[in-house]
Each structure stands twice: as structure tokens, then as C-alpha cells.
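J.: pasting the structure only:
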């Protein structure tokens, strides 16, 4: 055999796949096809929105999307960025989402800790109370009356406090707490740590992954919500970005300053259509920026770095 010839081994995944039976191969192939279709169903609309947001309105309406850069324009982004109401809504959405995340995660972690303790008296009773709230609610009108009686109408707290506590998130945090070895608590007791010291200085640093997950969930939930703001907020200066987008995307009513200089009705309709795609991209940027930073916590082990062998 020629010394210069090297025989490369078969790829591990290929070798493993070839060792499967016929039924397993068919099942895996169907699974790969379904996953590929699912990914395409997500990626294709995203690519369409991104490309359409840069295109000339006339070309987009007549020919659809194209990758001919000569047909692209930044008109939609220029008008969106220059609009004051967009930036006011963007600022409000960021403030509401950050405050809501801090309040919600804080309440969830504090409520989940005693519920995770076996020695907590009344744990079963509170479990029943929490479970009832998951299936039964007061409804919109009683909640509106309560918010009004508390003097929270047309304020930031009207959209933050009603949904600040989630039984589902509390249950997830409680399960996470229970997975932490009791040796950590026993070591804290030996060192003379009380409940407050143990919770804030020992337990929470270990729970960074679940805190990151809960924070991301709550931030995304508040960022995408608009119904509570539509009900409780009357002042346009306090409305989040989602209400501004609602008027553009659903009601097809862009702010007058964004298209006021367009003389033709057809031109106004074309630009209004283009503004939809630009506003979708701008409103999605914070979420796209957040995911890479939080991703590392999702893969972290429950006790990574906390207990040394």
C-alpha cells in the first residue's frame, strides 16, 4: 500500500446511522424532514421580512422581494427612526419590561423558596390556593375596578403588578430549589448562616440558570404584550411600543408624520405597507440581542461551580 495513502475512518454519525434497522432509519429520516420543514417555516418568513423592509415600495408591491440591491432603500427605516412616537413607545417598553422582570422574578424566587421546604407549615394549603388561581380568575371588569380603586389607572404599575406573579414560574423555581443538595444547606447551618443569609448569599448564586430563564421569559412576555396597556393606559406618552406597532400593523394607521409628505394615496399605502416590516425588525432587535447573552445559562449545570469534590 502506498505510504502516502491514508484511510480515513467512517464518520461516527454515519456509521451509527448505518447500524440502525430499516424502521429506525425511516423514523429518523421522517424526523429530520419534519425538523427541516419546521426550521424553514421559521427562517423563510424572517428572511422575507428583513428583505422587504429594505425594498422600494413600488418594487415590493409589483414584483415582490428581490435581492437586487439597486431596488433596495432605507426610506422605511429613516421614517421610523425619525418618528418621535416610536422612540417614546420604545423607551416605555424597555422601562416596563425591565421593571416587570425585576419585580416578577424577585416575587417568584421569594415565593418558591418556602414552598420548596418540606418543613414549611401550611405548604399544602398554599399549594391549593396557588393551584386555584391557575384555573380561576376575577375577569377583566373586576380587575379593572380593582386597579381603579387602587389609583393605578394610567400608570406604569397598572401593566406591571397584575401579572407580576406567575404560579407556573413559581412551580418551576420550586422544583429547581428541590434539586439542590441538602448538603449545601447543612454546610450553611454549620457556618451559622440564617435563612436570609443562606437565601441571598448561597442559594441565589447557585440558581443563576433558572434566574436567567425566568428573566428572559418575563421580559419577552412584557415586551410582546399590549392588551393591558391598551386597557389601563390612556396617555399616549405612557403607551409602550406594542400599541404603536398595533396601530401600524393591525389597524394600518401609521403616525401622520411618517407619511404626511406623500402626495399620492397609492404612495401612502405603499409606504404604510413598507413601514410594517421596518417596525417589526426594530421591535425585535432587543430580543435578538438578549438571547445570545442568556443562552450560556440555559446549558449550565444545576450545581456548576458551587460544590467542589
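T.: Ah, there it is. Remember, it's a predicted structure, so these values are computed and weren't measured experimentally.

J.: residue ranges with poor pLDDT in the stretch 101-250 of the chain?
T.: Within the stretch 101-250 of the chain, the segments meeting pLDDT under 70 span 248-250.

J.: All the helices of it, residue numbers only.
T.: 123-135, 140-149, 157-160, 167-178, 182-190, 195-197, 204-206, 208-224, 227-232, 241-249 (DSSP state H, counting those that start in this stretch).

J.: spatially speaking, which residue is in the middle of this structure?
T.: Centrality entry for the chain: nearest residue to the mean C-alpha point is residue 220, 2.7 Å, by Cα atoms, centre = their mean.

J.: Return the most buried member of the helices of the stretch 101-250 of the chain.
T.: Among those, helix 157-160 has the highest mean neighbour count (mean count of other Cβ atoms under 10 Å), at a mean of 22. (Glycine included, C-beta is placed from N, CA and C.)

J.: From the contact counts, what lies against that one?
T.: helix 84-116, helix 227-232 (3 or more Cβ pairs under 8 Å, 6 or more residues apart in numbering; DSSP states H and E).

J.: Let me know which of those helices is the nearest to residue 214.
T.: helix 84-116 (5.0 Å; Cβ to Cβ).

J.: Show me what counts as buried in that closest one.
T.: 85-86, 88-90, 92-93, 96-97, 99-101, 103-105, 107-109, 111-116 (16 or more other Cβ atoms under 10 Å).

J.: Select, out of the helices of the stretch 101-250 of the chain, the one closest to residue 34.
T.: That would be helix 208-224 among these, by Cβ to Cβ, at 25.6 Å.

J.: Show me the contact partners of that closest one.
T.: Residues outside helix 208-224 that contact it (Cβ atoms under 8 Å, 6 or more residues apart in numbering) are 93, 96-98, 100-101, 104-105, 108-109, 159-160, 163, 166, 169, 172-173, 176, 204, 242, 286-287, 290-291, 294, 297-298, 300, 302.

J.: Now for residue 49, how many residues are close by?
T.: 16 (other Cβ atoms under 10 Å).

J.: wait, it sits on residue 278?
T.: No: the pair residue 49 / residue 278 is not scored as a contact, 9.3 Å apart, by Cβ atoms under 8 Å.

J.: follow-up on the earlier one: possible to save the helices and strands packed on helix 157-160 as JSON lines with distance to residue 45?
T.: Below are these laid out as JSON lines (distance: least, Cβ to Cβ, whole Å):
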{"stretch": "helix 84-116", "distance to residue 45": "22"}
{"stretch": "helix 227-232", "distance to residue 45": "24"}
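
J.: Quick one, which of these gets closest to residue 190.
T.: Of the helices and strands packed on helix 157-160, nearest to residue 190 by Cβ to Cβ is helix 84-116, at 20.1 Å.
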